[in-house]
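K.L.:
Okay, sequence plus prediction incoming.
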Amino acid sequence: MLENNAIAPIARLGAHVAGGVLRVATDATLGGLRAFPRSVDELDAAFLSRVLRRHVEQVRRLDGADGTSCRARLALVGDDVPETVFVKMPAATVATRMLGELARLAETECRFYRWLAPDLGDGVPRCHGTAFDDLTGRYIVVLEDMSVTDCVFPDTLNPLSADQMTGVMRALGQLHGTFADRMPVKPGGAGPLGWLSPPSTDPANPLTPMLMRKSAEKLSRCTDIDVYRGQYLWEHLQQIAVFNDRGRHFVLHGDSHPGNTYFRAGRAGLLDWQVVRRGHPSRDLAYTLVLGMTTEERRERQRELLDSYREALVEAGGPELDGAELFERYRQNAVYSYVSALATAGLGGMQTENIALEGLRRAVAAIDDLQTVPALRSSV
């Protein structure tokens, strides 16, 4: 039964915003008094020793960049510590931090690396340690420095080949299958999987239609992309999200676009675990296939790639999914590729303009040839 009550999403948004504001305000007031670094430059040997649980003697910053988080490479000297590491910490600006608080990016990634990553082996970056301050929202994730390994990092402008996409499908199959038998029937709880929530309960959902409309208005004036092709999708997004959340749930990556994939020693892996969710696997699959390949190759190869995923899911301990049903769910879940691409291109700042617009072109083409709107209109 679909959720018709609009009060619950608004209430979740209000509570979430209030919690985020409280954390940011508390950090501004008390953050300097707490024993938690507030920037990469404040990371010292003593703090990193506690996070890594190994003695660190010296720390030196090598490089870094700011975005939705502050990211940097550090050189370490100490007892059995890696020579270099990659660290993620809160964004430098209050506005960006609030966006992170709204999506709970920091808590999600820290929980993922603490509780889920160890079971995924080489399919994720190695984590050396995490720390999270619940009072202020400050955090640190210390990962392996993948820049010193033989890795390939794709992006939307360099679409994945069919062979590469087969690897990503297998990586998603491993993720979904690994935790298939451990997923609680309903969300709730603080354990390794109980904290995961479905996309239909995301606090930011009430804001998304407004963002889609503003993005469409902006992009329709400066691009030749038919951005209004999916207007029905943003106008009914909450109902669609509830509908698409039906069925058995799995652990979802939540943001598996090409920029969050990598290839090492012939194996595909996934990066940036900030929006991990629980839900139907077709959400990850549609997002990955639509944004990761050229439209022409996706149309030609999507069914066999979904079959590769189904095989990998079983090999990882998951159930055997019906191919026809999975393809139908895939058609319906293409909505998220469109919504994400439209927001990214319209808001700007998260990706370079050419990458964002190419992703939007692929997403608009996908909801067209997959007939996503009719598939949802007839069901929602």
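P.N.:
Arrived safely, thanks for sending.
K.L.:
Pull the number of nearby residues for the spatially closest residue to Glu311 that is not a sequence neighbour.
P.N.:
Once flanking residues are discounted, Glu311 sits nearest to Gly173: 7.2 Å by Cβ to Cβ, 6 or more residues apart in numbering. Placement of C-beta: from N, CA and C, glycine included. The tally of other residues near Gly173 (other Cβ atoms under 10 Å) stands at 22.
K.L.:
need the contact list for Gly173.
P.N.:
Taking Cβ atoms under 8 Å, 6 or more residues apart in numbering, we find Gly173 in contact with Ser308, Tyr309, Arg310, Glu311, Ala312, Leu313, Val314, Glu315, Ala316, Gly318.
K.L.:
top of those residues by neighbour count?
P.N.:
Within the contacts of Gly173, Tyr309 tops the neighbour count with 30 neighbours, counted by other Cβ under 10 Å.
K.L.:
host element of it?
P.N.:
Taking DSSP states H and E as the definition, one finds Tyr309 inside helix 295-315.
K.L.:
give me the low-pLDDT residue ranges for the stretch 251-380 of the chain?
P.N.:
349-351 (pLDDT under 70).
K.L.:
mind listing the strands for it?
P.N.:
261-264, 267-270, 277-279 (DSSP state E, counting those that start in this stretch).
K.L.:
Which one of those lies nearest to Leu99?
P.N.:
strand 277-279 (17.3 Å; Cβ to Cβ).
K.L.:
Give me the contact list for the closest one.
P.N.:
By Cβ under 8 Å, 6+ apart, strand 277-279 touches 183, 187, 193, 196-199, 202, 244-245, 249-252, 254, 283.
K.L.:
Quick check: pLDDT value at Ile7.
P.N.:
Looking at Ile7, its pLDDT is 69.
K.L.:
again, but for the one 5 residues further on
P.N.:
With respect to pLDDT, Arg12 has a value of 70.
K.L.:
For it, give its distance to Ala131.
P.N.:
27 Å (Cβ to Cβ, to the nearest Å).
K.L.:
Quick one: the helices in the stretch 251-380 of the chain, in order.
P.N.:
282-292, 295-315, 323-333, 335-347, 353-369, 372-377 (DSSP state H, counting those that start in this stretch).
K.L.:
and if you look at the stretch 101-250 of the chain?
P.N.:
Remark: helices assigned in the stretch 101-250 of the chain by DSSP H, counting those that start in this stretch are 105-111, 162-178, 208-220, 231-235, 237-244.
K.L.:
so which of these comes closest to Met293?
P.N.:
Taking the helices of the stretch 101-250 of the chain one by one with Cβ to Cβ, helix 162-178 is closest: 5.9 Å.
K.L.:
List the contacts of the spatially most central residue of the chain.
P.N.:
Central residue of the chain (Cα atoms, centre = their mean): Asp255, 3.1 Å from the mean position. Contact analysis of Asp255 by Cβ under 8 Å, 6+ apart lists Asp272, Gln274, Val275, Tyr287, Ser340.
K.L.:
nearest to Ala35, of those?
P.N.:
Gln274 (24.7 Å).
K.L.:
gap between the closest one and Arg267?
P.N.:
In terms of Cβ to Cβ, Gln274 sits 22 Å off from Arg267.
K.L.:
These two - which one has more neighbours?
P.N.:
Per other Cβ under 10 Å, whichever of Gln274 and Arg267 has more neighbours is Gln274, with 23 against 13.
K.L.:
Might you report the residue contacts of that one?
P.N.:
The contact partners of Gln274, by Cβ under 8 Å, 6+ apart, come to Thr68, Ala103, Leu105, Ala106, Thr108, Glu109, Gly254, Asp255.
K.L.:
does Thr344 really touch Ala356, like I thought?
P.N.:
Yes - Thr344 is in contact with Ala356 according to Cβ atoms under 8 Å; the separation is 4.8 Å.
K.L.:
Sticking with the closest residue to Ala35 other than its chain neighbours, tell me its helix or strand.
P.N.:
Leaving aside its sequence neighbours, Ala35 sits nearest to Phe47 (Cβ to Cβ, 6+ apart; 7.8 Å). Assessed by DSSP H and E, Phe47 sits inside helix 45-52.
K.L.:
State the mean pLDDT of that helix.
P.N.:
Across helix 45-52, the per-residue pLDDT values average to 96.
K.L.:
Quick check: next helix or strand after that helix?
P.N.:
Counting by DSSP H and E, what follows helix 45-52 is strand 56-66.
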